[in-house]
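Trainee: Could you look at this predicted model? Sequence included:
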Amino acid sequence: MNESGLIGQRVLPQDAREKAGGEIRYLPDMAFPGLLVGKVLRSPHPHALVRRIDASKARRVPGVRAVVTRENTPKVHFGIVLKDELPLAHEKVRYVGDEVAAVAAESEEAALEGLAAIEVEYEPLPAVFDLEAAIAEEAPLVHDNAPRNVPGGVHVERGDVETEMARAYRVVEGRYETPMMHQAALEPICCVADWREGTLSLWGPFQSPFLIRQYLLAAPLGLSLSQIRLYQTMVGGAFGGKLDQRHYLVCALLAMEAGRPVRLLNTLEEELIATRPRMAAIIRLRTGWSREGRLLAKQVRILADNGAYTSLSLPILSSMSMRTDSVYRTPCVSVNADLVYTNTCPSGQMRGFGNVQATFAFESHLDEVADVLGIDPVDLRLANATRPGDVSVHGWKMLSCGLSEAITAAAERIGWTEKRGRARRGGGEGPLRRGVGLAGNMHVTSNKPFATSITGYDFDGSAALVRVHEDGRVTVLTGEVDLGEGVTTTLGIIAAEELGVPLDRVRVANVDTEVAPYGLGTYASRVTFMAGNAVRVAAADARRQLLEVAARVLDAPASELDVKDGVISVKGFPHRRLTVAEAAQRGFALGLTNVVGRGEFHSEPGPMDVKAKYGNQTMTYSFACHAAEVEVDVETGRVRVLKVVAAHDLGRVINRLGAEGQIDGGVTQGIGFALVEELIRTDGVIRNPSFLDYKIPSSLDAPPVVEKVFVETIDPAGPHGAKGLAETAINPTAAAVANAIADAIGVRIRSVPITPEKILGALGTLNGGRA
Amino acid sequence: MTTIRLTVNGEAREAQVDPRTTLLHFLREALHLTGTKESCAEGECGACTVWLDGRTVNACLVFAVEADGREVTTIEGLRSGRARPLIEALAALGGVQCGFCVPGIVMSAAKLLETTPNPTREDVLVGLSGNLCRCTGYQKIIEAILTVAHAPAAAPGGDRS
């Protein structure tokens, strides 16, 4: 392969200047003639029967153009994973925020007035909020068809766990808890819908236009796919939050009722109470170990808070239950994880997809094990780390794996040998104690069982078209989406590299479902690997077509031609040349070809026993180890993260600037999860639905240093050897911080966020009430 | 409706506004200056940062009528001039991912460089603390601002706009 040198460089995204200068338009910046404002009426009750809805007064409010309720919308159950949702509430509401009705009006004021004029009579029902109480026999049911409020779970037995536990030198147990964390993208969830001549059009920052079109619009509306067209707009951050939302359907219903375009734009409060944050969980771990520190057996018990509707929580629970079993060699494992309905906001996917929670629990647990066994945590991890060529307990094949290198690098760069255990050795001045900790992690580069469970097809892949215009510009079309992280730049680099044209001639288009090839969308750290491979194939196909034209024009065999910097020439005869633009034009003129390269990539990880959850999930896996140094003030309980080292096996760096940025962002979100972020709920009501009370890290909370180490394992299946990075960038951070805090203060805190209250409480217990 | 007269990016404007209209909605909807973004709409995120009489404000917390007789500067007024070096540095150094928060950050950073010509890292952290960003972890934004601050060609106060 000849590489021109773009791969691994620092490439700024093409639209970065326009974004910074406010020139790029996001959906809320776009004008639509005749646009109406939509607003949603939400349930004030966590659980209630809807006795009566009367919208007649609302329809008479001046400026109101459409009102939708259960009376004029389909009663069709839908959902990407479980069909447990309705477009709008019928018999029951199930959480505070549940969609009951919606109004479209000429102005926001009129829409709000319309909402206020809708009369709804509720009959409150007993509700369930607590996971352990919800699974009791006598608990009220959130959905009648889910006994004990459990719609599903993950139950996997591999090997004889109890026999191994019995012969273990030590068995260690721990209970870990993680909260609801919100994606908190700065651009709210929003869309515009328009129904015209039998076609429904939607514009918005969709994370997966094709899945949304099929499962969240066509299915509940009873429309064919050809009647729905989605235009993806610039995405102002997503982190999982812009895929599975009922929002799009409600907007479509309003537009169909009004016969006018309608915009629905969440307020921040709506975002924080009703848009599917990271799933809260209680994770119980029990592990058995040999005297030398080999993991012999593992038992996992999870209760996970589904909230009122399932969204993507079953596959998230799979990830939470099983993924850490392939980070370290795990000979046998028993998993029993239950998804539990409660009368709270439905939870959903957020960057990490269950792995953030699981990694916090397991990597905290590993440090506790190291203490019990008297083994250094780095040595314990290295002794058990998965290695290239391994097949894990769940049948996952490690095509490339740089976990050990990542652990070693992270430990070295954080100063492990000098710093670990300092506080315990009496280090620390006054109230300040420093500690270091680390955590490993792996993630998929797509998730075939997840894709298959949604579509019903044995398919996980990506497709691309590469069109060469008459002026030599190149447009890349895929069905995947740039969420802001810059994957279009990555795909542009791959196309430019393959075609031999300058990068500034290549543009990756936003998705228009009518034009773009089918794609599953941007989740599971899949796009660099999947779409990257597809774009390579498509660009190679376009190159072949260009060379075919050039061969005719230059009267030389195609095999003797080369393309560089947008110029095709005969090898050894640089004056016999044709620009790519000329070749594209001559392609038409000679009646040879309109240059459009086509590429597909199919992930073929091997056979999968879906029922047993056994088999390779994806063709390859990414690995990471984060190490953190913290300073804890034992008088105030305040934690400062001083430094994070993020060592990543991402296969190969395509765009160094983008890779570093993903890590910086993931680490900072991970610190948010570790120290501050929690949607606080009492009786099903979220008490902190604002950025004043739901804190996300600010510049003052960012660690002074985030050092990146790239372990480039050059994956055999990846485009130029690349794997994914999006989620390994956040997964291990919180565990590394938690382990560093334990190192600093000598006490383990098993629930995040690790707030000053928890630290002082833990120290109080330790020191008889005196910190 | 109330009549207001104000200067926006150096241009005199007169408009009829509903007294309840925020400066943010007035800028975005009446003047079509959509570079200023709306996110939290409660003064916490800084995406709508503009200058009012030369001081940074969250435009979502100011009523349009409060801007009567005053001078408003938005990203559109700075992007080709004074804020250009910041925009270039933010782009080149990786300070822009989804970009939604960045115009607000540019407005805060441009003001910081004007009032604190030789900022320390701590000055930048404090100067940015009213602008939330969920993508970048702030690292490259901080680096970009410090780079502009300490580049001789981009000395603040220069007549670049």
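Mentor: That came through, no problem. Numbers count the residues shown, from 1 in each chain, chains lettered A, B, ... in the order given.

Trainee: what's near enough to touch the residue most central in space within chain B?
Mentor: In chain B, the centroid-proximal residue (C-alpha atoms, centre = their mean) is B:M107; its distance is 2.4 Å. Counting by C-beta atoms under 8 Å, 6 or more residues apart in numbering or on different chains, B:M107 touches B:49-51, B:56, B:73-75, B:78, B:83. C-beta: built from backbone N, CA, C; applies to glycine.

Trainee: can we see that at 6 Å?
Mentor: B:M107 is in contact with B:T49, counting by C-beta atoms under 6 Å, 6 or more residues apart in numbering or on different chains.

Trainee: what does the helix or strand that contains A:S404 rub up against?
Mentor: Using DSSP states H and E, A:S404 sits within helix A:403-414. Under the criterion C-beta under 6 Å, 6+ apart, residues A:378, A:381-382, A:385-386, A:436, A:438, A:440, A:623-625, A:627, A:629, A:645, A:647, A:649, A:707, A:709, A:711 lie in contact with helix A:403-414.

Trainee: how does it look with 8 Å?
Mentor: A:327, A:378, A:381-382, A:385-387, A:417, A:436, A:438, A:440, A:442, A:623-629, A:643, A:645-649, A:707, A:709, A:711.

Trainee: List only buried entries from those residues.
Mentor: Among the contacts of helix A:403-414, those scoring as buried are A:327, A:378, A:381-382, A:385-386, A:436, A:438, A:440, A:442, A:623-629, A:643, A:645-649, A:707, A:709, A:711 (criterion: 16 or more other C-beta atoms under 10 Å in any protein chain shown).

Trainee: Sitting in strands, which of those do you find?
Mentor: A:436, A:438, A:440, A:442, A:623-629, A:643, A:645-649, A:707, A:709 (DSSP state E).

Trainee: In a helix, A:E363, correct?
Mentor: Yes: per DSSP: H, G, I helix; E, B strand; the rest coil, A:E363 lies within a helix segment.

Trainee: in chain A, what spans have low per-residue confidence?
Mentor: Within chain A, the ranges that satisfy pLDDT under 70 run A:1-4, A:427-429, A:765-771.

Trainee: all helices for the stretch 251-400 of chain A, in order.
Mentor: According to DSSP state H, counting those that start in this stretch, the stretch 251-400 of chain A carries its helices in the segments A:268-274, A:313-322, A:355-373, A:377-384.

Trainee: Would you tell me which of these gets closest to A:E514?
Mentor: A:E514 lies closest to helix A:313-322 among the helices of the stretch 251-400 of chain A, at 28.6 Å (C-beta to C-beta).

Trainee: State the number of residues packed around A:D504.
Mentor: Look at A:D504: counted by other C-beta atoms under 10 Å in any protein chain shown, it has 10 neighbours.

Trainee: what's the single longest helix in chain B?
Mentor: Taking DSSP state H as the criterion, chain B has its longest helix at helix B:102-115.

Trainee: tell me the mean pLDDT over it?
Mentor: Helix B:102-115 comes out with an average pLDDT of 98.

Trainee: Helix or strand next in line after it, which one?
Mentor: With elements assigned by DSSP H and E, the helix or strand that comes after helix B:102-115 is helix B:121-127.

Trainee: May I see the buried residues of the helix or strand following that following helix?
Mentor: Using DSSP H and E, the helix or strand that follows helix B:121-127 in sequence is helix B:139-149. Using 16+ other C-beta under 10 Å as the test for burial, helix B:139-149 gives B:139-149.

Trainee: show me where the stretch 51-200 of chain A has strands.
Mentor: Along the stretch 51-200 of chain A, counting by DSSP state E, counting those that start in this stretch, strands occupy A:64-68, A:92-93, A:99-105, A:119-124, A:152-158, A:170-178, A:190-196, A:199-204.

Trainee: What ranges in chain B fall below the confidence cut-off?
Mentor: B:153-161.

Trainee: Please name the nearest non-neighbouring residue to A:T267.
Mentor: Nearest non-adjacent residue to A:T267, counting by C-beta to C-beta, 6 or more residues apart in numbering or on different chains: B:A41, 6.7 Å away.

Trainee: Quick one: residues contacting the one you found.
Mentor: Neighbours of B:A41 in contact, by C-beta under 8 Å, 6+ apart: A:267-268, B:24, B:60.

Trainee: So for chain B, which of the helices of the stretch 251-400 of chain A sits nearest?
Mentor: Nearest of those to chain B, taken as C-beta to the nearest C-beta: helix A:268-274 at 4.5 Å.

Trainee: Does chain B have contacts with the closest one?
Mentor: Yes: on the criterion C-beta under 8 Å from any C-beta of the partner chain, helix A:268-274 is in touch with chain B at A:L268.

Trainee: can you give me the offset of that helix from its chain's centre?
Mentor: In terms of C-alpha atoms, centre = their mean, to the nearest Å, the centre of helix A:268-274 is found 19 Å from the chain centre.

Trainee: So which residues lie in contact with it, not counting its own?
Mentor: Counting by C-beta under 8 Å, 6+ apart, residues outside helix A:268-274 touching it are A:40, A:42, A:95-99, A:182, A:184, A:188-189, A:345, A:679, A:686, A:688-691, A:694, B:39-42.

Trainee: what about burial for those residues, which qualify?
Mentor: A:40, A:42, A:95-99, A:182, A:184, A:188-189, A:345, A:679, A:686, A:688-689, A:691, A:694, B:39-41.

Trainee: picking up where we left off before, output the contacts of B:A41 as CSV; include the columns neighbour count and distance to A:G152.
Mentor: Below are those laid out as CSV (neighbours: other C-beta atoms under 10 Å in any protein chain shown; distance: C-beta to C-beta, whole Å):
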residue, neighbour count, distance to A:G152
A:T267, 16, 32
A:L268, 22, 32
B:L24, 24, 44
B:C60, 23, 42
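
Trainee: nearest to A:G374, of those residues?
Mentor: Nearest member of the contacts of B:A41 to A:G374, counting by C-beta to C-beta, is A:L268, at 49.2 Å.

Trainee: Check the gap between the closest one and A:E187 for me.
Mentor: 11 Å (C-beta to C-beta, to the nearest Å).
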